[in-house]
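Asker: One predicted model, sequence on top.
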Amino acid sequence: MAVVSIKNKLRRGNLLVGNTAFDPAAMDSIATVTVGSGGAANVEFTSIPSTYTHLQIRGILRDSRATYGNGSGFIEFNSDTAANYSWHQLLGDGSNPIAYSGANASYMQYSGGAGDGAPANTFGVMIIDILDYANTNKYKTIRTLDGVDINGTVAGYGGIAELASGSWRSTSAITSIKIRPNSPNYKQYTSFALYGIKSA
């Protein structure tokens, strides 16, 4: 009976998360930013409402890191650039596991974007979950899944799949999010979309 029930839920357009059917109507689109022809030094979401339980950011990204196929960058909350962040990364490049971390940092880091050394029109993909972002009784945590496939044709990694986590040691509600590359600019057509996830 459980299998039949799950199949029926999936037929109605829901996604299965664990043992629970997730209704896409539980997510609202808050804002989308797409980089224009001149590039952009960062993408920022401001005046984020506090009416959701969690936030999610989905992105496609390419930066101007010309000598590498993969790109990396940084995530900051509420314009805080003090040493209030920690982060961990676990990456796979098709042959070797790689791990990085940072403590007492001024940002949280990701490494799965596309650099401008990647083949033309190649973009990395990213999903960032920001948990309990408006809760003023706890520090904030994120989890990130991102990656890019560049077929080993350029310097750096031939492709990356990354699982990362981060912590912002603040009890303040998150009202703004800045994402910036570890290079001068994001390239045209880089796009990030912010969603609010409602409570169950």
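Answerer: Right, received. Where do you want to start?
Asker: Quick check on the residue nearest to the spatial centre of the chain: phi, psi?
Answerer: Of all residues in the chain, the one closest to the mean position by CA atoms, centre = their mean is Ile128, 3.2 Å from it. For Ile128, the backbone dihedrals are phi -120, psi 120 (criterion: degrees, to the nearest 10).
Asker: out of everything not next to it in sequence, what's closest to it?
Answerer: Spatial nearest neighbour of Ile128, excluding adjacent residues (CB to CB, 6 or more residues apart in numbering): Ile57 at 4.3 Å. The C-beta positions use only the backbone N, C-alpha and C, and glycine is treated the same way.
Asker: Spell out which residues sit in contact with that neighbour, please.
Answerer: Phe45, Met126, Ile127, Ile128, Ile130, Ile177, Ile179, Phe192, Ala193, Leu194, Tyr195 (CB atoms under 8 Å, 6 or more residues apart in numbering).
Asker: How about Ser47, nearest residue that isn't a chain neighbour?
Answerer: In space, and not counting its chain neighbours, Ser47 is closest to Thr175: 6.7 Å by CB to CB, 6+ apart.
Asker: Show the pLDDT at the one you found.
Answerer: Looking at Thr175, its pLDDT stands at 98.
Asker: can you check Gly159 too?
Answerer: Reported pLDDT for Gly159: 73.
Asker: So it is in contact with Gly124, correct?
Answerer: No. The pair Gly159 / Gly124 is not scored as a contact, 9.9 Å apart, by CB atoms under 8 Å.
Asker: quick one: common contacting residues for the two?
Answerer: Overlap of the contact sets of Gly159 and Gly124 (by CB under 8 Å, 6+ apart) consists of Gly147, Val148.
Asker: neighbour count winner among the two?
Answerer: Gly124 (30 against 20; other CB atoms under 10 Å).
Asker: isn't the more buried one right up against Asp146?
Answerer: Yes. Between Gly124 and Asp146 there is a contact at 6.1 Å, judged by CB under 8 Å.
Asker: shared neighbours, these two?
Answerer: Gly112, Gly113, Ile160.
Asker: and the residue nearest to Ser47, which of the three is it?
Answerer: coil (DSSP: H, G, I helix; E, B strand; the rest coil).
Asker: quick one: stretch 92-111 to chain centroid distance?
Answerer: From the chain centre to the centre of stretch 92-111 is a distance of 14 Å (CA atoms, centre = their mean, to the nearest Å).
Asker: part of a strand, is Ala99?
Answerer: Yes. Applying three-state DSSP, one finds Ala99 inside a strand.
Asker: in stretch 166-186, what's buried?
Answerer: 166-168, 170, 174-175, 177-183, 185-186 (16 or more other CB atoms under 10 Å).
Asker: How about stretch 81-91?
Answerer: Asn84, Tyr85, Ser86, Trp87, His88, Gln89, Leu91.
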